[in-house]
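kindly generate the corresponding structure for this input.
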Amino acid sequence: MLVMITNFQIIQPPILLKKYVERMFVIESAGRMPSNDLKLIVPNACAKLVIPFRNGLIGKSSEWYHKTQQDKIIFIGISDIPAEVDYATDGPAGNITVEFSPLGAYRFFNLQWKEVRNHICDYSAISEKMAKQLEERLVNAESLNQKIQIIYQFLIKEFSATSSDNIFDYCIQQINQTKGKVSIKELEKYTGYSARWLNMKFHEKLGLSPKNLASIVRFQQYYKSLVTNKEQFFLQKEFYNYYHDQAHFIKDFKRFTGYPPMFLSKSDNNYDKVFYRE
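As a prediction, the model looks like this:
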């Protein structure tokens with residue numbers, strides 16, 4: 001791990017939320033990332049809530065640029081394009097991030113999910129009153145642990161006010177269990193609903209089609225393999241079980257990272273590597 005990362009701490013979500021919150025973590029840094037680092041964040045099928053409690057954040061992609069101030073909560077919709085991230089100023093930085101699983105995002109936010117796909121904004125643009133209340137409580141919290149407890153309370157309150165969509169949830173579980181191999185035709189057969197209906201349901205609850213989500217799920221397992229074990233990655237041939245051929249694999253890889261696998265294997269992308277540690 002680079003010296004700039006001073007703390008990376010996985011936070012366990014409340015038991016009630018374990019299926020719906022993919023991951024919570026705190027990351028703290030001594031300063032901005034090195035100029036030669038790609039600063040790349042790739043799609044992982046999760047919407048995100050980011051709370052920068054020290055320093056601000058800058059994010060950009062081919063479709064957006066966003067700079068946020070310290071203590072302003074950021075909402076990031078589910079994405080199928082890569083992005084870059086860095087801190088707003090050079091100096092100590094820290095944030096708490098909540099990543100919502102595809103199964104859970106719609107249980108916390110009442111949104112038009114298709115409209116927030118590949119979108120980043122201050123949370124106040126979505127819910128001004130809620131954002132103001134939450135931001136004030138977080139600023140006044142005296143410790144990091146108190147901030148985490150406030151976030152827990154917020155998540156449980158929002159989750160408890162909603163109900164599940166059993167058909168959608170079943171389809172998500174099938175995509176995850178097959179690691180993205182299940183087809184839309186199989187989902188039609190399993191659920192009894194048409195492809196058109198399922199696509200509408202996914203855009204309503206997630207912002208992506210089932211096919212697009214399955215592509216991200218497939219990609220993620222091989223991206224993790226590249227990030228954690230570059231030396232062995234190109235000796236593995238398991239991706240042929242999930243892709244038609246090598247050309248198909250490389251096309252998807254470039255779509256979600258912006259780069260071919262060989263280039264990425266030779267480049268520094270140490271910030272993102274932190275998130276794929278065992």
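
mean confidence score for the helix or strand where residue 221 lies?
Per DSSP states H and E: residue 221 is located in helix 210-228. The average pLDDT within helix 210-228 is 89.

where does residue 129 sit: helix, strand or coil?
At residue 129 the chain is in helix, as set by DSSP: H, G, I helix; E, B strand; the rest coil.

and for it, the neighbour number?
With neighbours defined by other CB atoms under 10 Å, the count for residue 129 comes to 8. Just so you know, the C-beta spots here come from the backbone N, C-alpha and C atoms, and that holds for glycine as well.

again with residue 185
Counted with other CB under 10 Å, the neighbours of residue 185 add up to 9.

A helix includes it, no?
Yes: Residue 185 forms part of a helix when assessed by three-state DSSP.

residues in contact with the nearest residue to it once chain neighbours are set aside?
Nearest residue to residue 185, sequence neighbours excluded (CB to CB, 6 or more residues apart in numbering): residue 195, at 7.5 Å. Taking CB atoms under 8 Å, 6 or more residues apart in numbering, we find residue 195 in contact with 184, 185, 187, 188.

CA-only coordinates of the helix or strand harbouring residue 150, as PDB, when you get a sec.
Using DSSP H and E, residue 150 maps to helix 144-160. Extracted in PDB, the C-alpha atoms of helix 144-160 (Å, rounded to 0.1, in the frame of the first residue of the first chain):
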ATOM      1  CA  LEU A 144     -15.400   9.000  13.800                       C
ATOM      2  CA  ASN A 145     -17.300   6.300  15.600                       C
ATOM      3  CA  GLN A 146     -20.100   8.700  16.400                       C
ATOM      4  CA  LYS A 147     -20.300   9.600  12.700                       C
ATOM      5  CA  ILE A 148     -20.600   5.900  11.800                       C
ATOM      6  CA  GLN A 149     -23.400   5.500  14.300                       C
ATOM      7  CA  ILE A 150     -25.300   8.400  12.800                       C
ATOM      8  CA  ILE A 151     -25.000   6.900   9.400                       C
ATOM      9  CA  TYR A 152     -26.200   3.500  10.800                       C
ATOM     10  CA  GLN A 153     -29.300   5.300  12.200                       C
ATOM     11  CA  PHE A 154     -30.000   7.000   8.900                       C
ATOM     12  CA  LEU A 155     -29.700   3.800   6.800                       C
ATOM     13  CA  ILE A 156     -31.900   1.800   9.100                       C
ATOM     14  CA  LYS A 157     -34.600   4.500   9.100                       C
ATOM     15  CA  GLU A 158     -34.700   4.800   5.300                       C
ATOM     16  CA  PHE A 159     -34.600   1.000   4.800                       C
ATOM     17  CA  SER A 160     -37.400   0.400   7.300                       C
END
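
how far off centre is it?
Relative to the centre of its chain, helix 144-160 is centred 19 Å away, using CA atoms, centre = their mean, to the nearest Å.

kindly report the same for stretch 13-30.
With CA atoms, centre = their mean, you get 11 Å for stretch 13-30.

same deal with stretch 169-184?
Taking the mean of its C-alpha atoms, stretch 169-184 sits 18 Å from the chain's own mean (CA atoms, centre = their mean).

please apply the same query to stretch 126-135.
Chain-centre distance of stretch 126-135: 21 Å, with CA atoms, centre = their mean.

which residues sit against that stretch?
Applying CB under 8 Å, 6+ apart, the contact partners of stretch 126-135 are 71, 72, 73, 75, 109, 111, 122, 123, 124, 150, 154.

for the fifth one, give its distance to residue 81.
Counting by CB to CB, to the nearest Å, the separation of residue 109 from residue 81 is 20 Å.

of these two, who's got more company?
Neighbours were counted for residue 109 and for residue 81 using other CB under 10 Å; residue 109 has more, 19 against 16.

for that one, what is the enclosing helix or strand?
If you go by DSSP H and E, residue 109 is not part of any helix or strand.
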